[in-house]
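Chemist: Okay, sequence plus prediction incoming.
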Amino acid sequence: MQKNSLERKETLQHMTLILPGMLIFTIGLIIPLFLAFRYSFTNWDGMTIDKPFIGIQNYIKLFSDVYVKDAWLFTIKFTLWNTILQNIFALLFAVALDSSIKGKKIYRTILFLPCLISALVTGFLWLKMFSNVLPALNDLLGTNINFLLLGNKDTVLSGLLIANNWQWVGYWMLIYLAALQSIPSDLYEAAKVDGASKIRQFIHITIPMLAPAFTICIVGITTGSLKVYDLLVSATGGGPGRASTSIIQLIYTTAISGRQYGYGCALSISLVAILLIVALIQVKVLRKKEVQA
Amino acid sequence: MNFKKICSFTMVGIMGATTLVGCGGKTSSEGAITTPASVEKKDEAAPASSNEKVTLRVLAGQSTTDAGIEDMIDEALAKKYPEITLEWECIDWGKDFQPKMQQYMQSGLPDIMIGKAQDIATYGAQGLLGDLTGKSYMDNVLGEALPGVTIDGKVYGLVYNALYQGVYYNKKIFTDNNIAIPTTQEELKAVIDKLNSLGITPFATHHADTWSIGNITMQFAINDVFNKFPTWGDDLRADKVSFIDSPEYRSAYEYNKLIFDNTWKDETFSLEQTECDARLVQGKAAMKVSGSWSIQNFLDIDENFEFGIFPFPNQTGDAKLIFEPNITLMKSAESPYQEAIDKVFEVMTTDKELALEIYNYTKTASMLKDVSPTFPNPSQVDIDKYAASGQIVDANTGNNQLQWGGFQEENAKDIAEWLQGNASLDDALKAADARKANSKP
Amino acid sequence: MQKITEFIKSQRIYSKSKKQEEKETIKEEKYTSSTFLLQVFMTLAALFFLTPILIIFNYSMKTKKELYIGNPLALPETFNLSNFEAAFNKLNLVVSFTNTLLYTAISVAILVILCGAAAWAIARAKGNFFKFAYVYFVIGILIPYQALFLPIYIIGYKLSLTNTRLGIILMYIATGISFGVFIMTSFMSTVPIELEEAAKIDGCSIYRTYFSIVLPLLKPAMATLTIMLSFQIWNDYLMASLFVSSKKLKTLTVAMQSLFSQQASDYSTAFAAIVISVLPIAILFMCLQKYFIKGMTVGAVKG
């Protein structure tokens, strides 16, 4: 009986540790989410006082809107390529920095520096790089490489991927590096005794041991890329035309400039739902792999 | 190692110190912010008397060329009415003014808003803005500015300065090659051919900025469409006209193609304004469809750059130079400080030194009577010439018919798609018709 | 109490042995030709990552004319700091810098303590409420607050939090807490439970245990979180532009935005402003790098 009440008191105290954070979180993010959910059933323009209820019309419109389709296509392409490229390069750099090369610290710092800069500035910087700095390099070297990636619908994606990878590879590299360094060296020694080659060691020891890091990086990169906005604002503004309009950017222009706030909210809600589903699937699949390994 | 330690200690120290200061500062600033709100309520019955201290909230939608004028206004105001303080909130007009206004419509407008004249059409009709009709300070404002800011006979905006829009051209190239100013499409085409044969790029463009496409399209439309059909936008919404069936709007779109075919095609979608302006100054191109916002750039790059301006020729050869009322002051209808706001507006319109300072700084034209800016502006000769012959038209004839954000802006994206070959001209025109529900300012 | 000191001793020994281990692994591998290839590869990569940053510095010292007309790769003719001066004035630097520092420091400090507390409670206490709390917080990572800004503003306004320092700090906490709880919870497995049990036997309350035992052990996690959140909040644009746009409450990014605006002409000043805004956070990273990487080890190994 006494033990029970002690436990209850402890649980209560534990709860008080959570509650302040939970309260702020609820007010700052969850209630707005529910408000957005409510507005998504109206055709409110974001300004007037009355918010006429129109049922699920906004959600029906979502499926036939060609701009929504294009924005999703762009966002998905951007996300897929980012997930692939950033993981490959981050792992590659991490492996390189885990070897016995000299000056590791300098490399590590240089690679990490870009993610200290805001995405807004990164976009602006790469706009200048592509239109101004790199063409000057052409003149210098006498080459004729097309660096005007952001100005063409066919190359704008690759231009943005370069900018985004430049900014974030160093961050994920640090995570892989940390994971690599925590692999106990006796595992490799045992493998050496068994006569396993370096490549076999990498496949059979390194990769499985990196599973938790893979989970963090893959989930982090996909959810981050699906939410891309700041970078686009200053690099392309969604252009040329609409070629690089991401879903968040479409939400912003629809709700604000287009004064279709209700429809914008419906878009937001669908985005949150998709983000949730993607993350859940990823975590499920990746965790399963972790266990198997 | 030691250096690092010192660094980290200082950083942590600074952070810690500011945290402490912050706690103190926070309460005081909160006080400062909440007080006006509480005073507001008390004052509603008895409006602020002339000597009482008043703090007015000002939302200023600016472009970079305007940033900095708030200090000039503060200074001039402090001289005449030291009891009035302005609490500025300066934001980017193009990107943030509408979201901010949307925000404030939920919570109550600031006392003074500074936007563009076209904002009057958007917000004036909602009964949010204070009526300025018959105020004595309005007498100092040029009459030309009034129609654009009048709704149902009531004036809602004080237009302070104006931008001129048209074709800015490199005077040296024109005189060196004996090129006359074109007034018809045929003449323009002849000029383009001549420049091409001389190896000079006819037009400087920067389509990386979608707003530039939107802006030049509106310039074309003002002279080809709205000059003849002043209510074209209303007619569009009443299903009487459409983009796809309007030969006038079609030719306004087609000029985009003409320009695109005579500029640095491969580069334009990667270039933004500064780079483009610099090339015009350097003589790499001869003309640029633009507005006064380029002047600051021109003069920064070369203070002796000789440039002029002419209206982009239309189908009928009677194109006018476009002036766009820019800085426009509005007051909140709900504000309890009407008297103080009027005092601020009075200072803005009567203090000629202040006006001169602002015009020279922003490189813009005056909208006040008896004040003309004194900064060197080679295009002023041209402006005066067109003004004298009445060949001037207010940009609001178009902007008050078709909304900029969400409509013109979106149409510009369609045009970009068309120029890049992803869609046809008909697609672009149909897309504009399809979103006409968003076209009302 | 004895147990605690014993434990701390053992921790010290452990950390020492780990250091030795690290040294050994470095000795072990040889510098072969393939390592040399790696070195070349990494140097090229580093060059790619460094160039844009050097361009920022280069541009920040150019005059407007040099920037627009000159060769972009050329160095500025004179070592000219006038852009920094202009940036200083245009950004209202003293005010915006202090504001940014203030918001960042306070919200990060509160976040770190709150996230630690919540994560610890989630890891230790049993019951469905705590499981739910974890999921509840973590879902927040997936909510793009960029898409919710008008409702966020409406809530903020109803609580009269707009254009106040308190408001922006609370909002940073609300949007940062998900990530913080996620990271902190994954760290919790490295906090030995024995110590807490000893404290419980000694009769410490939950709060005291948290502040005097758990929090000190969370140092590496706190360092990680501090850095991650600091640069997020330091660079935040949207939330700051929503909540603190009046001139005396502005942050650096909001002030800087006006230099990039649509009809902007002032890029040389903008680049100087970038340098000014990035420098403090870069210095912070370089100083805390060691802790940061140590902290990440734990997070990555135990996702």
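Modeler: In hand now; what should we look at?
Chemist: Going by C-alpha atoms from here, please, whenever you check contacts or count neighbours.
Modeler: OK.
Chemist: quick one: B:E306 and B:N177, what's the gap?
Modeler: Using CA to CA, to the nearest Å, one gets 15 Å for the distance from B:E306 to B:N177.
Chemist: who's more crowded, these two?
Modeler: Between B:E306 and B:N177, B:E306 has the larger neighbour count (other CA atoms under 10 Å in any protein chain shown), namely 17 against 12.
Chemist: check contacts around the residue nearest to the more buried one when sequence neighbours are not counted.
Modeler: Nearest non-adjacent residue to B:E306, counting by CA to CA, 6 or more residues apart in numbering or on different chains: B:K171, 5.5 Å away. By CA atoms under 8 Å, 6 or more residues apart in numbering or on different chains, B:K171 lies in contact with B:E306, B:F307, B:G308.
Chemist: which stretches of the chain aren't confidently modelled?
Modeler: Here I'm looking at chain A. Residue ranges of chain A with pLDDT under 70: A:1-3, A:289-293.
Chemist: Please refer instead to chain B.
Modeler: B:1-51, B:64.
Chemist: Domain parsing of it, as residue ranges.
Modeler: B:50-160+B:326-366, B:163-323+B:376-438 (automatic domain parsing).
Chemist: could you redo those as CSV and give each row distance to C:F182?
Modeler: What follows is the domains of chain B, written out as CSV (distance: least, CA to CA, whole Å):
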stretch, distance to C:F182
domain B:50-160+B:326-366, 32
domain B:163-323+B:376-438, 39
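Chemist: Number of residues surrounding the closest residue to chain A within the stretch 51-200 of chain B?
Modeler: Of all residues in the stretch 51-200 of chain B, the one sitting closest to chain A is B:Q102 (5.6 Å; CA to the nearest CA). B:Q102 has 20 neighbouring residues, counting by other CA under 10 Å.
Chemist: In the stretch 51-200 of chain A, mark out all the strands, start to finish.
Modeler: Using DSSP state E, counting those that start in this stretch, no strands are assigned anywhere in the stretch 51-200 of chain A.
Chemist: Show me which residues of it sit near chain C.
Modeler: Selection of the stretch 51-200 of chain A residues close to chain C by CA under 8 Å from any CA of the partner chain yields A:93, A:96, A:99-102, A:107, A:109-111, A:113-114, A:116-118, A:121, A:125-126, A:129, A:132-133, A:136-137, A:166, A:174-176, A:178-179, A:181-182.
Chemist: The helix or strand where C:F57 lies near chain B at all?
Modeler: Using DSSP states H and E, C:F57 maps to helix C:33-60. No. For helix C:33-60, no contact with chain B is found by CA under 8 Å from any CA; the gap never falls below 14.1 Å.
Chemist: which other helices and strands contact the following helix or strand past that helix?
Modeler: Counting by DSSP H and E, the next helix or strand C-terminal to helix C:33-60 is helix C:64-69. Counting contacts by 3 or more CA pairs under 8 Å, 6 or more residues apart in numbering or on different chains; DSSP states H and E, helix C:64-69 is packed against helix B:273-281, helix B:295-301, helix C:267-301.
Chemist: looking just at contacts, which helices and strands does the helix or strand just after the second one meet?
Modeler: Meaning helix B:295-301. Using DSSP H and E, the helix or strand that follows helix B:295-301 towards the C-terminus is strand B:307-310. On a contact count with 3+ CA pairs under 8 Å, 6+ apart, strand B:307-310 meets strand B:161-170, helix B:171-176, helix B:380-388.
Chemist: Show me what the first one is packed up against.
Modeler: It refers to strand B:161-170. Going by 3+ CA pairs under 8 Å, 6+ apart, strand B:161-170 lies up against strand B:285-291, strand B:307-310, strand B:321-325, strand B:365-366.
Chemist: and the ones you listed as CSV, adding distance to B:E267 and mean neighbour count?
Modeler: As requested, those are exported to CSV (distance: least, CA to CA, whole Å; neighbours: other CA atoms under 10 Å in any protein chain shown):
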stretch, distance to B:E267, mean neighbour count
strand B:285-291, 13, 25
strand B:307-310, 24, 24
strand B:321-325, 28, 26
strand B:365-366, 32, 25
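Chemist: Quick check, the residue in chain C closest to chain B?
Modeler: Closest point on chain C to chain B, by CA to the nearest CA, is C:S246, at 4.1 Å.
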